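Q: I'll drop the sequence and a predicted model, then ask my questions.
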Amino acid sequence: MAVPCVFFAVFFAYPVAAIVARGLRSEGAWHLAGFGEVLTDSGIRHVLWFTTWQALASTALTLLIALPGAYVFARFQFPGKQLLRAVVTVPFVLPTVVVGTAFLAVLGRGGLLDDLWGVRLDTTVWAILLAHVFFNYAVVVRTVGGLWAGLDPRQEEAARMLGASRLAAWRRITLPALGPAVAAAALMVFLFTFTSFGVVLILGGPTFATLEVEIYRQTAQSLALDTAAVLTLVQFAAVGCVLAVHAWTVRRRESALRLVDPATTARRPSGAGQWALLGAVLVTVLLLLVVPLSVLVARSFDTAQGYGFGYYRELASADGGAFLVPPVEAIGNSLQYALAATAIALVVGGLAAAALTLTRGRSRPGRLVRGFDALLMLPLGVSAVTVGFGFLISLDEPPLDLRTSWILVPLAQALVGVPFVVRTMLPVLRAVDGRLREAAAVLGASPWQVWREVDFPLVRRALYVAAGFAFAVSLGEFGATVFIAQPDRPTLPVAVTTLLGRPGDLNYGQAMALSTLLMLVCAVCLLLLERSRTDRTGEF
């Protein structure tokens with residue numbers, strides 16, 4: 001536990017504490033009266049209300065649309081299922097900037113709806129809600145569907161034989177078993193939408209702002225660090241409550257059920273109702289997930305001279321002044337940063353998962369371990385904007401003067417990758433029979449040899465999946481990177497946002513082209529992950 005704790009203390013707790021202290025302390029004294037001033041401001045109250053309201057609405061809408069998909073993936077066997085699972089998961093690992101860009105191409109000025117019916121939904125709450133469903137659809141399908149596939153269908157069939165209707169059997173047998181998984185998925189969706197940044201920044205315009213967007217505006221545009229510090233603490237408290245409830249639901253899901261092999265529960269659809277349900281889910285995936293990505297690709301080829309590679313060729317030019325270097329260099333920068341961040345996340349996350357596995361079931365360190373587990377999830381909910389700006393103001397003195405070092409970006413990206421490594425590795429490590437380790441130790445193996453000969457062969461595929469997820473989320477990290485990426489070494493998400501913020505069809509087309517390239521890299525990662533996927537490979 002030592003290495004992960006030191007890593008989080010230095011590169012997470014210290015920067016966040018530094019920026020909060022900078023905002024709430026001056027001339028050696030703490031000024032807590034600012035809490036009342038900020039929280040009673042009508043504009044801030046509106047931001048808090050909208051943040052909570054849109055998160056609740058996004059969560060409810062995501063569950064309503066995605067739960068039928070979870071059932072289809074859990075209970076139906078059909079051609080192309082593995083490919084469709086990868087397609088469904090692609091939006092989740094896409095950068096939020098790309099998600100916002102894709103929906104801008106569908107709902108915004110000159111978008112698909114504008115061309116067909118003259119309807120624009122950008123800068124409306126509906127664009128934000130639909131983009132959140134697009135982004136979080138896979139969370140529900142994978143979290144709930146993964147458990148649903150392991151439930152023994154014979155229990156529900158036995159209830160039907162004893163006279164229960166189909167609805168009553170599902171309500172009394174299946175729904176209570178799925179409850180913890182549905183709650184865990186809902187809490188994760190709420191967490192991701194409560195802290196939404198890139199989607200709201202692009203689609204919300206000046207009208208709508210979440211806490212994360214407001215923190216960014218107060219920090220980067222107004223330099224009002226006192227207001228940003230208060231909002232950071234409010235968000236931190238809310239996220240801490242959500243993570244505590246999520247950890248409780250995860251523990252219930254792990255201990256309360258006896259599961260069967262998912263391969264034995266999936267059947268070919270039979271009857272008009274099941275085929276209709278499968279068709280409805282496929283249409284939903286097509287309209288909600290595939291169409292925005294397809295329009296994004298089409299817009300990247302739609303130049304003033306007709307369809308072609310004009311925007312892609314312009315990426316190699318530095319003319320226009322948006323960057324100090326050609327935008328195409330952002331691709332190489334992002335790949336280098338993401339590879340370094342993946343390596344860091346694997347080391348830190350792997351050690352953390354091993355520590356959580358080896359201390360499981362011991363009564364004495366129980367509370368410490370649960371706190372450690374919650375700590376690992378905090379970067380998913382704490383303002384990435386705060387972390388990024390905190391890096392600039394805290395890591396500026398020897399021996400940690402990293403402001404001009406390239407490693408600063410991978411460190412920030414690794415903070416987001418570590419939770420995915422832990423959640424992917426932990427179920428697999430816990431499934432390893434401890435007697436195998438004990439037998440190897442009795443036969444004279446050192447701890448390193450035990451890991452190399454026993455654990456690693458069993459968790460190797462899960463390690464590949466963890467690396468893929470860490471790489472994908474590192475590639476798309478935006479909230480912290482927008483502060484610390486150097487002007488001559490922009491990342492893909494920063495480059496896309498910069499281009500979208502400048503007028504002109506050329507900048508818009510280049511943003512679409514970069515987003516398409518980023519989407520393709522993420523899609524390739526997901527297809528490779530699906531080939532390495534095991535039934536115990538984490539929550540996602």
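A: That came through fine.
Q: what bits of this structure have low per-residue confidence?
A: Within the chain, the ranges that satisfy pLDDT under 70 run 26-34, 246-247, 249-263, 318-324, 359-367, 370, 381, 530-540.
Q: which residues in it form strands?
A: For the chain, the strands defined by DSSP state E cover 25-26, 29-30, 302-303, 306-307.
Q: Tell me which strands the third one pairs with, and in which orientation.
A: The strands that strand 302-303 pairs with in its sheet are strand 306-307 (antiparallel) (by DSSP bridges).
Q: Can you name the residues in contact with the partner strand?
A: The contact list for strand 306-307, computed with C-beta atoms under 8 Å, 6 or more residues apart in numbering, reads residue 301. All C-beta spots, glycine's among them, are computed from the backbone N, C-alpha and C.
Q: And for stretch 185-196?
A: Residues from elsewhere that reach stretch 185-196 (C-beta under 8 Å, 6+ apart): 51-52, 54-56, 58-59, 62-63, 96, 128, 132, 135-136, 139-140, 143-144, 210-213, 235, 238-239, 242-243, 245-246, 249, 380-383.
Q: cutoff 6 Å now
A: Contact partners of stretch 185-196, identified using C-beta atoms under 6 Å, 6 or more residues apart in numbering, comprise 55, 58-59, 62, 132, 136, 139-140, 143-144, 210, 212, 242, 245-246, 381.
Q: do stretch 271-285 as well
A: Applying C-beta under 6 Å, 6+ apart, the set of residues contacting stretch 271-285 is 68-69, 72, 76, 269.
Q: Take those and, keeping just the buried ones, write it as a ChimeraX select command.
A: Entered in ChimeraX, the line below selects the buried ones among the contacts of stretch 271-285, by 16 or more other C-beta atoms under 10 Å:
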select :69,72,76,269
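Q: tell me which of the contacts of stretch 271-285 is nearest to residue 105?
A: Distance to residue 105, by C-beta to C-beta, is smallest for residue 69 among the contacts of stretch 271-285, at 23.6 Å.
Q: Surely that closest one and residue 141 touch.
A: Yes - the criterion here is C-beta atoms under 6 Å, and residue 69 meets it with residue 141 at 4.9 Å.
Q: what about the residue lying closest to residue 209 once chain neighbours are set aside, distance to residue 207?
A: Leaving out its chain neighbours, the residue that sits closest to residue 209 by C-beta to C-beta, 6 or more residues apart in numbering is residue 47, at 5.3 Å. For residue 47, the distance to residue 207 equals 11 Å [C-beta to C-beta, to the nearest Å].
Q: These two - which one has more neighbours?
A: Neighbour comparison, residue 47 and residue 207: the larger count goes to residue 47, with 21 against 9 (by other C-beta atoms under 10 Å).
Q: Hmm, residue 212 and the more buried one touching each other?
A: No - between residue 47 and residue 212 there is no contact under C-beta under 6 Å: 10.0 Å.
Q: From the contacts of stretch 185-196, list the buried ones, please.
A: With neighbours counted by 16+ other C-beta under 10 Å, these contain buried members at 55, 58-59, 62, 132, 136, 139-140, 143-144, 210, 212, 242, 246, 381.
Q: from these, which two are the most distant?
A: 144 and 212 (26.1 Å).
Q: tell me the domain boundaries of the chain?
A: Per automatic domain parsing, the structural domains of the chain span 1-32+318-540, 35-308.
Q: And the closest residue to residue 72 other than its chain neighbours, how close does it get to residue 74?
A: Nearest residue to residue 72, sequence neighbours excluded (C-beta to C-beta, 6+ apart): residue 281, at 4.7 Å. According to C-beta to C-beta, residue 281 stands 12 Å off from residue 74.
Q: Please apply the same query to residue 273.
A: 16 Å.
Q: For burial, what's the neighbour tally of residue 165?
A: Neighbour count for residue 165, taken as other C-beta under 10 Å: 10.
Q: cool, residue 516 as well?
A: Neighbouring residues of residue 516 were enumerated by other C-beta under 10 Å; the total is 22.
Q: Show the contacting residues for the residue nearest to it when sequence neighbours are not counted.
A: With C-beta to C-beta, 6+ apart as the measure, residue 300 is the residue that lies nearest to residue 516, at 4.5 Å, once sequence neighbours are left out. Listed by C-beta under 6 Å, 6+ apart, the contact set of residue 300 reads 311, 512-513, 516.
Q: Need these in TSV (columns: distance to residue 108).
A: Output for the contacts of residue 300, formatted as TSV (distance: C-beta to C-beta, whole Å):
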residue	distance to residue 108
311	17
512	12
513	17
516	17
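Q: Thanks a lot, see you next time.
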